[in-house]
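*Asks:* This is a predicted model, with the sequence first.
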Number of protein chains: 2
Amino acid sequence: MTSVQHISDDELAEIYTFAVQLGKDAGAILMNFARARWSDQGDGEQVITEKDSSVDIVTKADEDVEAFIKSAIEKKYPTHKFLGEESYSKGASRDYLIGAEPTWCVDPLDGTVNYTHLFPMFCVSIGFIVGGQAVIGVIYAPFTAQLFSSCRGRGAWLNETQRLPLIQNQPLPPNAPQGCVLSVEWGKDRKDKADGNLHRKVDSFLTMAAEPAGRCGRGGMVHGVRSLGSATLDLAYVAMGAFDIWWEGGCWEWDVAAGIAIVQEAGGLVTTANPPEDTHDAPIEDVRLGSRLYLAIRPAGPSPATGESARQSQERVVREVWRRVRHLDYSRPGA
Amino acid sequence: MTSVQHISDDELAEIYTFAVQLGKDAGAILMNFARARWSDQGDGEQVITEKDSSVDIVTKADEDVEAFIKSAIEKKYPTHKFLGEESYSKGASRDYLIGAEPTWCVDPLDGTVNYTHLFPMFCVSIGFIVGGQAVIGVIYAPFTAQLFSSCRGRGAWLNETQRLPLIQNQPLPPNAPQGCVLSVEWGKDRKDKADGNLHRKVDSFLTMAAEPAGRCGRGGMVHGVRSLGSATLDLAYVAMGAFDIWWEGGCWEWDVAAGIAIVQEAGGLVTTANPPEDTHDAPIEDVRLGSRLYLAIRPAGPSPATGESARQSQERVVREVWRRVRHLDYSRPGA
């Protein structure tokens, strides 16, 4: 089970082509289910949709799309392993199950709440992992017709034609997090405990948002705070360069596998959300896919203002975020 | 100056057609300016764009689009008044200047921070006001190719063909704000004062988000919290039915004129963000366009679960929000 299969460049390119088509087809199914809920305008009749039935439709869309993706992969690549959000969440275990073998890590519908409410920020997310590393990512948001994709060594793309990030080599602000757009999520953990994750998150958001003199001089005064309700699309917009910083805890590998692949291929940095004891000097380690704690910094160019390389400026921003955020309490077995 | 001009249905329809085309053309100009900043992929050369020059380009796009819209309106409707965000903000006054005469209230670029960072949630916003009421609204977000429009008596539309809200007559949740998507903005006012707007906002967000038992039993446990960075698009998504509740203070009439027109025509309710003393019984007044304090509830149908009419259920949700939010401190002369 843990033997590393070698995958040639040609084979990887073929898998990439397959994955992109799979993403488009899966997204089209999601959109068909969504359109089925829209009121019919054709004959003037108005369909009344109740809450319960809309939840049923959403569940069915989620399950059908996962079954579609799983079956297509099993047919084309019967030796590959498959991990899907839907099948995973029906099992009892929350163990981290990704090993060295070629593995597809799929969320058939990311942004489920958005999908339920027909807010366009939902998508299908398909990651392909070899040796524990996400090497192919495909994210398709059918309502806005935005396809984000990447393959290791072949670049990251919007709609297959526009290289990501949209602006290449754009330096990070010298006074970051000022000038940065910060993306965060409120999540589902809403317990009103003084030291619970909700309060730790909001406390961190506030420090990142407040004026520089505020919060005992730690105010981040970011340019903007955004919450889309989709971890996958948060990462897609980091790869695009639209979000400078994404900080989040609590999501799972199927939420982030494709997005991390695309961000990394675009030149972004992904590490852990939780600050180490020594935020100034601790090494900045690559993200662990199953860690449930994520901090992503957008692709950048060298910074003429500071003389830093792209990586140096990204690491500077990581440390500036770590200085301002609190530890989040998410754990999981096997990661 | 304050005489009410009568505008016939036919004339209003003609103005609507003109406004929709104007929105499309203005959005195309915005998108051209945005694309000019994308790295050229054609010949493999990479354009390095510095922060300063991108700010210059954004300012130029904003000014050029406002000049384009203003000139088109002056040519077609020389007797109409024009209020644009750009020209307004260069003047010294913040007085509310909209009277009874036909007035165009325009934000050439809403979501400026998003536009600067090339996050797709930016748009042009064109409102047409008669007798102090926004009767036509056109919002065009060119990056996602989403056009929202309405004309009083002619319905509200997505891309001119799909009636808004997408799901007609969908009841509001009987236990709202549970089950609701709440849209809010962090804004630019980031002063770290205990009783400042930033803390009042975050305090309110937290009460709306927390578990029902939390916050002394006032927790709203909303289904999701979203922040897009565009008041105009927040309202567009309320009209669509994707956001159930939008609560915001601090923006201006050009940010909301078109959006309020579209929400109202779609069947939504727009009132003030600030709770009255008696949240239970105070009358729910129509929004004042220049009040800088806004609370919008999405279009709804009658509620079989509660026996309420659509309006009754919307008013119930208004009161449930008012019970959980704090007063915001925004004022302005003449409104």
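*Replies:* Perfect, thanks for sending it. Numbering: from 1, shown residues only, chains lettered A, B, ... in the order given.
*Asks:* pLDDT score for A:Ile48?
*Replies:* On pLDDT, A:Ile48 comes in at 43.
*Asks:* Could I get the full set of helices for the stretch 201-335 of chain A?
*Replies:* Counting by DSSP state H, counting those that start in this stretch, the stretch 201-335 of chain A has helices at residues A:214-217, A:231-240, A:253-266, A:310-322.
*Asks:* Relative to B:Gly196, which of those is closest?
*Replies:* Closest approach to B:Gly196 among the helices of the stretch 201-335 of chain A is made by helix A:214-217 (9.4 Å; CB to CB). Just so you know, the C-beta spots here come from the backbone N, C-alpha and C atoms, and that holds for glycine as well.
*Asks:* do the closest one and chain B meet at all?
*Replies:* Yes. Shown here: helix A:214-217 in contact with chain B (CB under 8 Å from any CB of the partner chain) through A:214-215.
*Asks:* can you pull the buried residues of that helix?
*Replies:* Buried residues in helix A:214-217, counting neighbours by 16 or more other CB atoms under 10 Å in any protein chain shown, are found at A:214-215.
*Asks:* Work out the gap between it and the centre of the chain.
*Replies:* 30 Å (CA atoms, centre = their mean, to the nearest Å).
*Asks:* Check stretch A:136-148 too.
*Replies:* Between the centre of stretch A:136-148 and the centre of its host chain there is 12 Å, according to CA atoms, centre = their mean.
*Asks:* residue in the stretch 51-200 of chain A nearest to chain B?
*Replies:* Checking the stretch 51-200 of chain A residue by residue against chain B with CB to the nearest CB singles out A:Asp192 as nearest, at 2.6 Å.
*Asks:* Contact partners for the residue nearest to that residue when sequence neighbours are not counted?
*Replies:* Counting by CB to CB, 6 or more residues apart in numbering or on different chains, A:Asp192 lies nearest to B:Gly214, which is 2.6 Å off, once chain neighbours are set aside. Each residue near B:Gly214 by CB atoms under 8 Å, 6 or more residues apart in numbering or on different chains is listed here: A:190-192.
*Asks:* Alongside chain B, which residues does the stretch 201-335 of chain A contribute?
*Replies:* Proximity of the stretch 201-335 of chain A to chain B is assessed by CB under 8 Å from any CB, with A:202, A:205-206, A:209-211, A:213-215, A:219, A:221, A:223-229, A:237, A:240-244, A:301, A:304 identified as the residues in range.
*Asks:* residues contacting the closest residue to A:Tyr237 other than its chain neighbours?
*Replies:* If you skip the residues right next to it in sequence, A:Tyr237 has A:Phe243 as its closest partner in space, 4.5 Å away by CB to CB, 6+ apart. The neighbourhood of A:Phe243, defined by CB under 8 Å, 6+ apart, consists of A:181-183, A:226, A:234, A:237, A:298, B:117, B:119.
*Asks:* Can I get the residues you listed in TSV including neighbour count?
*Replies:* Formatted as TSV, those follow (neighbours: other CB atoms under 10 Å in any protein chain shown):
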residue	neighbour count
A:Val181	25
A:Leu182	24
A:Ser183	27
A:Arg226	26
A:Asp234	30
A:Tyr237	32
A:Arg298	29
B:His117	28
B:Phe119	24
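*Asks:* Is it correct that A:Val124 is in contact with A:Tyr115?
*Replies:* No. Look at A:Val124 against A:Tyr115 with CB atoms under 8 Å: they stay out of range, at 10.6 Å.
*Asks:* More neighbours: the two, which one.
*Replies:* A:Val124 (30 against 26; other CB atoms under 10 Å in any protein chain shown).
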